[in-house]
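> Got a predicted structure here, sequence first:
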Amino acid sequence: MAKSKTTVLLSWIGGNDLSKVESGASTLLNGGAIASTLANCEFDEVELLYNYPQENVDPYLTWLSALTKSKVSARYVEMTSPTNFDEIYKAAHALIRSQQGKHHDISFLLSPGTPAMQAVWILLGKTACDATFYESSIEQGVRKVDIPFALAAEYLPAARKIDEIKLTDISMSRVPINAAFESIITRNPTMEMLKNRAQVLADRNVPVLIYGETGTGKELFARAIHNASKRSNKPFIALNCGAIPSELVDSILFGHVKGAFTGAVDDKKGVFDDAHGGTLFLDEFGELTPPTQIRLLRVLQEGTFLPVGGNKERKVDVRIITATHQNLFDLVSKGSFREDLFYRVAVGVLNLPPIREREGDLLLLAEHLIRELKEAEPSLQDKKLSISAKNFIVKQSWRGNVRELHSTLMRAFLWAANNLIEQTDIEEAMFTSKPQVSGLMSHDIAEGVDIKGLMDDLAKEYIMRALAYTGQNKKKAARLLGLKNYQTLNNWMEKYHLQ
């Protein structure tokens, strides 16, 4: 009788995986990309790579191992940068080699880690082994993704020599340090109006709140405002509040003194110190906990703060620009966000539209990115988009906005066999779902099932997905879920204790 294959999931550990657990996730479904994948799909073993401090990773591994039947293993990778293609390739390839020859069925989880890590998984999954690819997100859940193009193994050495810095900057949609309002590519009237308003705000030393879905250009606007302001020769410090472990928030924001807590071997400045005289950009601002909101309000009101473990206040001069995809006013009405802090930061407000609502901008952005890619990789100077590719691009919804458009076009640009990038190249570069049996549907009826519990899990999962997809807009989320109104959705959320 043939020996059945051992199913193995390979993945990098992402910062979001760690932060979800550190913030108190109690189930696999709300514990980040890796945990959600294990909740929906069964694997015999899980092999993880990470470049985070051991003290941050150990609690996560303990939590994950306790909630899954899979055997969980992890290895630390020494890297100079999480975007260094060569270092990522060596680490991932070594992990794959350790699995080969063991009669294993290998899958890669693409979601955690940097775009460079994702690109290397695809390269290796198409050349070094026959792998299955998975993605996990709040918006679309866990799904197998079909990457239909083929790669020759000979491409790997060349891929490792591509100008990694330029391509990584493009793939991550990094905002240039010298970003100006001219850097905001648009011909859309609404965007032009927002650029004009942002220029007015740049001349005034007031807080700015920027709303917008992921990938709409919130940091680009923040950079442009700073660079056009009187603070342009001072620091611009960007911080993603949603990626900060809860126990480190105060230290990262305000710094700490030596001995303030275990591991505080020296005095360390926080981002308020780093941004003194300049601008502090707080992305995912709605993720801050109420205690942190109180301390932040004091800094904004009085311009002073106390480092963790310190007894001497520091004075700071910082302009605050905040950004979020959440409806803060809705959070205020629910009591999860302080009203006084909301009005303190929402002096100048910019609401950035998704690119699907920016008429005339899709092709403009696509052509601009192709020009950037040609500059980054001169050997591909002759590549361009066909008419069919352009028509296809315009018809897509691009739920990930500019970020999704960028990553899709970058894959199509690199993998297209001919100089003319066709519609099929764009289609192949877009990750598409494969039908799969959900973890909710895979229980053995012979062993009995908790049907009420399964129905509750299903309801909670899709409520959270709908809220994430609509940017926490309850009215739209209720419509997507087939509920009569947002009050009905509120009742469901209260029933399942969802925030």
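Noted; the coordinates are in hand.
> okay, and the helix or strand of this structure with the least pLDDT?
One helix or strand of the chain scores below all others by mean pLDDT, DSSP states H and E: helix 155-161, with a mean of 43.
> Mind listing residues that contact stretch 246-255?
Residues from elsewhere that reach stretch 246-255 (Cβ atoms under 8 Å, 6 or more residues apart in numbering): 19, 22-24, 239, 241, 244, 256, 260-261, 264, 267-273, 288-289, 292, 295-296, 299, 305-308, 310. C-beta coordinates here come from the backbone N, C-alpha and C atoms, glycine included.
> For the buried ones among those residues, write the corresponding ChimeraX selection.
Selecting only the buried entries of those in ChimeraX, with 16 or more other Cβ atoms under 10 Å as the criterion:
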select :19,22,23,239,241,244,256,260,268,270,271,272,273,288,292,296,299,305,306,307,308
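> In helices, which of the contacts of stretch 246-255 appear?
Counting by DSSP state H, the part of the contacts of stretch 246-255 found in helices is 19, 22, 271-273, 292, 295-296, 299.
> I'd like the residues you listed as JSON lines, with pLDDT and distance to residue 357 appended.
Output for the ones in helices among the contacts of stretch 246-255, formatted as JSON lines (pLDDT from 0 to 100; distance: Cβ to Cβ, whole Å):
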{"residue": "19", "pLDDT": "82", "distance to residue 357": "30"}
{"residue": "22", "pLDDT": "77", "distance to residue 357": "35"}
{"residue": "271", "pLDDT": "90", "distance to residue 357": "33"}
{"residue": "272", "pLDDT": "92", "distance to residue 357": "35"}
{"residue": "273", "pLDDT": "91", "distance to residue 357": "39"}
{"residue": "292", "pLDDT": "87", "distance to residue 357": "33"}
{"residue": "295", "pLDDT": "87", "distance to residue 357": "37"}
{"residue": "296", "pLDDT": "90", "distance to residue 357": "32"}
{"residue": "299", "pLDDT": "90", "distance to residue 357": "35"}
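> would CSV of the residues you listed with distance to residue 473 be doable?
As requested, the ones in helices among the contacts of stretch 246-255 are exported to CSV (distance: Cβ to Cβ, whole Å):
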residue, distance to residue 473
19, 24
22, 28
271, 30
272, 32
273, 37
292, 25
295, 29
296, 25
299, 30
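> which of those lies closest to residue 209?
Lowest distance from residue 209 to these (Cβ to Cβ) belongs to residue 296, with 13.5 Å.
> and the gap between that closest one and residue 305?
9 Å (Cβ to Cβ, to the nearest Å).
> Could you do residue 281 as well?
With Cβ to Cβ as the criterion, residue 281 and residue 305 are 18 Å apart.
> Work out for me the element residue 411 sits within.
Using DSSP states H and E, residue 411 falls within helix 401-415.
> Let me know the average pLDDT across that helix.
The average pLDDT for helix 401-415 rounds to 86.
> Spatially nearest residue to residue 362 (excluding sequence neighbours)?
Nearest non-adjacent residue to residue 362, counting by Cβ to Cβ, 6 or more residues apart in numbering: residue 394, 5.4 Å away.
> Out of the ones in helices among the contacts of stretch 246-255, which is nearest to residue 11?
Of these, the one sitting nearest to residue 11 (Cβ to Cβ) turns out to be residue 19, at 16.1 Å.
> The closest one reaches residue 242, doesn't it?
Yes. Residue 19 is within contact range of residue 242, at 7.1 Å (criterion: Cβ atoms under 8 Å).
> The helix holding residue 411 packs against which elements?
Judged by 3 or more Cβ pairs under 8 Å, 6 or more residues apart in numbering; DSSP states H and E, the packing partners of helix 401-415 are helix 164-171, helix 362-376, helix 423-429.
> Can you list the residue ranges for strands in the stretch 351-499 of the chain?
384-385, 420-421, 432-434 (DSSP state E, counting those that start in this stretch).
> Out of these, name the one with the poorest average pLDDT.
strand 432-434 - the lowest mean pLDDT of the strands of the stretch 351-499 of the chain, at a mean of 47.
> ok, the residue nearest to residue 362 to residue 373 distance?
19 Å.
> Tell me which of these two has more neighbours.
Shown here are residue 394 and residue 373; by other Cβ atoms under 10 Å, residue 373 has more neighbours (22 against 12).
> how far away is the residue lying closest to that one once chain neighbours are set aside from residue 29?
Nearest non-adjacent residue to residue 373, counting by Cβ to Cβ, 6+ apart: residue 413, 4.9 Å away. Counting by Cβ to Cβ, the gap from residue 413 to residue 29 is 36 Å.
> Settle it for me: which of those two has more neighbours?
Comparing residue 413 with residue 29 by other Cβ under 10 Å, the one with more neighbours is residue 413, at 24 against 19.
> residues touching the more buried one, list them.
So residue 413 contacts 370, 373, 380, 383, 421 (Cβ under 8 Å, 6+ apart).
> Give me the pLDDT for the third one.
Going back to what we said before, that points to residue 380. pLDDT, read off for residue 380, is 75.
> Quick check: closest non-adjacent residue to it.
residue 374 (6.4 Å).
> what's the spacing between that neighbour and residue 403?
Taking Cβ to Cβ, one finds residue 374 at 20 Å from residue 403.
> Of those two, which one has the most company?
residue 403 (19 against 16).
> Tell me who's in contact with the nearest residue to that one once chain neighbours are set aside.
Of all residues not flanking residue 403 in the chain, residue 215 sits nearest, at 3.4 Å (Cβ to Cβ, 6+ apart). By Cβ under 8 Å, 6+ apart, residue 215 lies in contact with 173, 355, 400-404.
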